[in-house]
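1. Whatever this is, show me its structure:
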Amino acid sequence: MSTVKLPPVLRKLSGGTKQVDVEGATIGDILDALDRKYPTIKNQLLTEDGQIARFVNIYLNDEDVRFIQGLVTPVSASDTIVILPAMSGGK
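-> Numbering: from 1, shown residues only. Next up, the predicted model:
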């Protein structure tokens, strides 16, 4: 199982869980499994046409999946996926 680390903004949907182990062969599969465990979480991560939302960054072992293969990026059981919403604002 791969480990998914959830940011504070998504923890309200996961009952406060900071990380969860899920199975999947690709990033897309991982997000599907995550959504089965915590319904509606995928709505916060993907656009209506099923692409990673521009304000969401998903990292596979510290590498942005957008620069690998996106949602079809292969995942192994020893991988760590980190989901980070883009931050904006400040002075």
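
2. List the buried residues in stretch 59-67.
-> Y59, L60, V65, R66 (16 or more other CB atoms under 10 Å). In this view, the C-beta of every residue, glycine as well, is placed from N, C-alpha and C.

3. meant to ask about stretch 10-30, not that
-> L10, L13, S14, V20, V22, G24, T26, I27, G28, D29, I30.

4. Can you add pLDDT, distance to T80 and secondary structure and give the buried residues of stretch 59-67 back as JSON lines?
-> Formatted as JSON lines, those follow (pLDDT from 0 to 100; distance: CB to CB, whole Å; DSSP: H, G, I helix; E, B strand; the rest coil):
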{"residue": "Y59", "pLDDT": "98", "distance to T80": "8", "secondary structure": "strand"}
{"residue": "L60", "pLDDT": "98", "distance to T80": "8", "secondary structure": "strand"}
{"residue": "V65", "pLDDT": "97", "distance to T80": "12", "secondary structure": "helix"}
{"residue": "R66", "pLDDT": "96", "distance to T80": "17", "secondary structure": "helix"}
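
5. What is the nearest of these to Q51?
-> Q51 has its nearest neighbour among those in R66, at 9.8 Å by CB to CB.

6. How much space separates the closest one from G15?
-> The spacing between R66 and G15, counted by CB to CB, to the nearest Å, is 28 Å.

7. again with S76
-> S76 sits at a distance of 27 Å from G15 (criterion: CB to CB).

8. what do you get for E23?
-> 20 Å.

9. Backbone torsions only: list them for the closest residue to T47 other than its chain neighbours.
-> Closest residue in space to T47, ignoring its immediate chain neighbours: A53 at 5.4 Å, by CB to CB, 6 or more residues apart in numbering. Main-chain dihedrals, A53, degrees, to the nearest 10: phi -60, psi 150.
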